[in-house]
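Trainee: give me coordinates for this.
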Amino acid sequence: MSVENVNRASLLSYSATFIALIAAGSWVSIPFFPVPLTLQTFFVLLAGVVMRKHAAIPVLLYVALGALNLPLFHNGTAGVGVLLGPTGGFLIGFIPAAALAGLSYESESRSVRIGGLILATLAIYACGVSWLSFSASIPLLESFLLGAVPFIPGDAVKLFAAYRIGKRLE
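Mentor: Prediction:
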């Protein structure tokens, strides 16, 4: 079910599907400790699992469409202002995250795939935390404590779920 030998039509349909899933995931808020879970990052990772080396395409389009004022970001927000705001770095981080996850799924190795999902999640944190620090003029450590630490448990669950779904799709 993964996109290995893609043609344009399947690439387009998978891309449209993942743009829609990431957008829908931005509206989902599941109570979790210490912060609620949204499903955006889950669908970014899942795009990597399913679309492999092509995974950055729908994520890049998702960010671009949101920047062009389509209400795709968290709770229907949109525009360049969101990308320039404190959470914009996390959204930008989705792009390298999808690429890392997707490239790791080009390998058959379990450890490479898990490592790729971990690196993908770390890419989101790196982009998000650094931009949060810059845009909010707060120290990097404080930015990390606010923008990454509370999300680690939920992101671990999403990473595990993406991996398990990938196993089922093989």
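Trainee: pLDDT of stretch 70-78, averaged?
Mentor: Mean pLDDT, computed over stretch 70-78, is 93.
Trainee: and for stretch 162-170?
Mentor: In this model, stretch 162-170 has a mean pLDDT of 95.
Trainee: give me the residues contacting that stretch.
Mentor: For stretch 162-170, contacts defined as Cβ atoms under 8 Å, 6 or more residues apart in numbering pick out 1-2, 42, 45-46, 48-50, 101, 105, 113-114, 117. C-betas here are computed from N, CA, C, even on glycine.
Trainee: most neighbours, which of these?
Mentor: A101 (33 neighbours; other Cβ atoms under 10 Å).
Trainee: so what's that residue closest to, chain neighbours aside?
Mentor: In this structure, A101 finds its nearest non-sequential neighbour in G48, 2.5 Å apart by Cβ to Cβ, 6 or more residues apart in numbering.
Trainee: so that neighbour versus Y62, what's the distance?
Mentor: 13 Å (Cβ to Cβ, to the nearest Å).
Trainee: about what we covered before: wait, what's in contact with the residue nearest to A101?
Mentor: Applying Cβ under 8 Å, 6+ apart to G48 gives the contacts 55, 97-105, 116-117, 120, 162.
Trainee: let's go with 6 Å and repeat that
Mentor: Applying Cβ atoms under 6 Å, 6 or more residues apart in numbering, we find G48 in contact with A55, A98, A101, G102, Y105.
Trainee: likewise L21?
Mentor: L21 makes contacts with F43, as judged by Cβ under 6 Å, 6+ apart.
Trainee: what's downstream of the host helix or strand of it, the next helix or strand?
Mentor: Per DSSP states H and E: L21 is located in helix 8-25. Later in the chain than helix 8-25, the nearest helix or strand by DSSP H and E is helix 40-51.
Trainee: that following helix: how far from the chain's middle?
Mentor: 6 Å (Cα atoms, centre = their mean, to the nearest Å).
Trainee: send me it as PDB with only the CA atoms.
Mentor: Written as PDB, here are the backbone C-alpha positions of helix 40-51 (Å, rounded to 0.1, in the frame of the first residue of the first chain):
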ATOM      1  CA  GLN A  40      -1.100  16.900  12.700                       C
ATOM      2  CA  THR A  41       2.300  15.400  13.600                       C
ATOM      3  CA  PHE A  42       0.900  11.900  13.400                       C
ATOM      4  CA  PHE A  43      -0.300  12.400   9.900                       C
ATOM      5  CA  VAL A  44       3.100  14.000   8.900                       C
ATOM      6  CA  LEU A  45       4.900  10.900  10.200                       C
ATOM      7  CA  LEU A  46       2.300   8.700   8.500                       C
ATOM      8  CA  ALA A  47       2.900  10.500   5.200                       C
ATOM      9  CA  GLY A  48       6.500   9.400   5.500                       C
ATOM     10  CA  VAL A  49       5.500   5.800   6.300                       C
ATOM     11  CA  VAL A  50       3.100   5.600   3.300                       C
ATOM     12  CA  MET A  51       4.600   7.900   0.700                       C
END
